[in-house]
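Asks: Here is a sequence together with a model predicted from it:
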Amino acid sequence: MPTLNSRRWSAVSLRAALTEFDWSLKASDFADLAAYRQFYGLPEAVCGAHQAGWSELGGYRLYTQFWAAQNPRGSVLVVHGYYDHSGLYGPLIRRCLQLGLNVLTFDLPGHGLSDGAQATIGSFDEYVAITAQLFRQAQTQLPGHWLAIGQSTGGAILASWLLHARLQAGVDAPLAMLLLAPLLRPAGWSHGRLLHRLLSPVLTRLKRQFSRGGNNPEFSRFLAEDDPLQSHYLSVAWVTAMKQWMGWVEQQSPLPFPLTLVQGDADQTVDFRYNLPVYQRLFPQIQIHNLSGGHHHLVNETAHRREQLWQWLQVWLDDNLPKSA
């Protein structure tokens, strides 16, 4: 869980101290980076080498991090959701390391410590191209068994990458992907689509309404009050890009690929009742798990719901990594 001492680190100071991401994956550790890890409750470098730096991808300078597991059986690329950044994924990163997975993460453009206009994008194609480019670099620099996990918009990015490039598991893509509450149609889209049509000609952003519900109110409070990397506005351009992406993705033909999807049935961020049948049509081999009472940000759910998620994560790894990995 993120800590509350916002005086312990400075985003400006950390950004100034960062250098190019080093694919030799030697541990990079200095005061600003250690303070960042401590603030967000991320694994310390002593648990395995932690490399952090800039990756030049798609015309952006993106904050990229890598944690090395002891005796790794494979590696996983983690793609975060809208408004998120990799600092919020400590519980998932820690669990993956415990299960013997190296972890590669990055902040999307306009998110966290990465470059780009805050919380916006011109096209979801940019997200897909950046993710594909980073994966190709990782696959070259760190050969072995690769998996991928995406939360919300991150799940949509991974699914779009598969559909756009018609990828084959383990050939030009990870062996398997795990989607956590993936985006397709957001909750309340009928009203949101009308509002977007009315406001997009005259406004560039709307004041963000932070959710105070969910099963983990302390995490919700942290996002609204204490996380210095949170955007406080919804970008109208981002909604436009999402709307264009939604029209594209639903027109795609099915793709056989080993996908696993976890969805909470109390999620009020995505319209999962609409979304799940679409994902089932697009990916006929998909396996879906329902997290009873689960809200949207599954990685930061309550402890007992996270434990169920970790059990599914273990099964997913065992099903998709060679036994001799």
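Replies: Sure thing, it's come through. Numbers count the residues shown, from 1 in each chain.

Asks: Next one, pLDDT for the closest residue to Leu175 other than its chain neighbours please.
Replies: Closest residue in space to Leu175, ignoring its immediate chain neighbours: Asn320 at 5.1 Å, by Cβ to Cβ, 6 or more residues apart in numbering. Placement of C-beta: from N, CA and C, glycine included. Asn320 is assigned a pLDDT of 96 by the prediction.

Asks: residues near Asn203, how many?
Replies: For the record, residue 203 is Leu, not Asn. 11 (other Cβ atoms under 10 Å).

Asks: so it sits right up against Ala237, yeah?
Replies: No. Leu203 is beyond contact range of Ala237, at 10.3 Å (criterion: Cβ atoms under 8 Å).

Asks: Can you give me the distance of the residue most central in space within the chain to Ala35?
Replies: Centrality entry for the chain: nearest residue to the mean C-alpha point is His80, 1.5 Å, by Cα atoms, centre = their mean. His80 sits 21 Å away from Ala35, going by Cβ to Cβ, to the nearest Å.

Asks: quick one: the residue lying closest to the residue nearest to the centre of the chain once chain neighbours are set aside from Ala27, how far?
Replies: Here the nearest residue to His80 in space, its sequence neighbours aside, is Gly154; by Cβ to Cβ, 6+ apart that works out to 5.1 Å. According to Cβ to Cβ, Gly154 and Ala27 sit 26 Å apart.

Asks: again with Ala119
Replies: Computed as Cβ to Cβ, the Ala119 to Ala27 distance reads 31 Å.

Asks: now Trp189
Replies: Remark: distance between Trp189 and Ala27 (Cβ to Cβ) = 44 Å.

Asks: Phe124 now?
Replies: Counting by Cβ to Cβ - Phe124 and Ala27 are separated by 34 Å.

Asks: Compare neighbour counts for those two and give me the winner.
Replies: More crowded of Phe124 and Ala27, by other Cβ under 10 Å: Phe124, with 22 against 15.

Asks: Quick check: closest non-adjacent residue to that one.
Replies: Nearest non-adjacent residue to Phe124, counting by Cβ to Cβ, 6+ apart: Trp245, 4.0 Å away.

Asks: Please name the residues that touch the one you found.
Replies: Listed by Cβ atoms under 8 Å, 6 or more residues apart in numbering, the contact set of Trp245 reads Ser123, Phe124, Ala156, Ser160.

Asks: That one falls within a helix, correct?
Replies: Yes. Counting by DSSP: H, G, I helix; E, B strand; the rest coil, Trp245 is found in a helix.

Asks: mind checking how far stretch 231-247 is from the chain centre?
Replies: The chain centroid and the centroid of stretch 231-247 are separated by 17 Å under Cα atoms, centre = their mean, to the nearest Å.

Asks: on that earlier part again, thought the residue nearest to the centre of the chain was touching Leu108?
Replies: Yes. Proximity of His80 to Leu108 meets the contact threshold set by Cβ under 8 Å, at 6.6 Å.

Asks: Residues that sit against both of the two, list them.
Replies: Both His80 and Leu108 are in contact with Thr153, Gly154, where contact means Cβ under 8 Å, 6+ apart.

Asks: Flag the shaky bits of the stretch 101-250 of the chain, pLDDT-wise.
Replies: Within the stretch 101-250 of the chain, the stretches with pLDDT under 70 are 194-195, 198-200, 202.

Asks: switch to 80 and redo it
Replies: Applying pLDDT under 80 to the stretch 101-250 of the chain flags residues 191-202, 212-213.

Asks: quick one, helices of it?
Replies: Along the stretch 101-250 of the chain, counting by DSSP state H, counting those that start in this stretch, helices occupy 124-141, 153-165, 189-199, 217-225, 236-249.

Asks: would TSV of those helices with distance to Ala45 be doable?
Replies: Listed next are these as TSV, based on distance: least, Cβ to Cβ, whole Å:
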stretch	distance to Ala45
helix 124-141	19
helix 153-165	24
helix 189-199	42
helix 217-225	23
helix 236-249	34
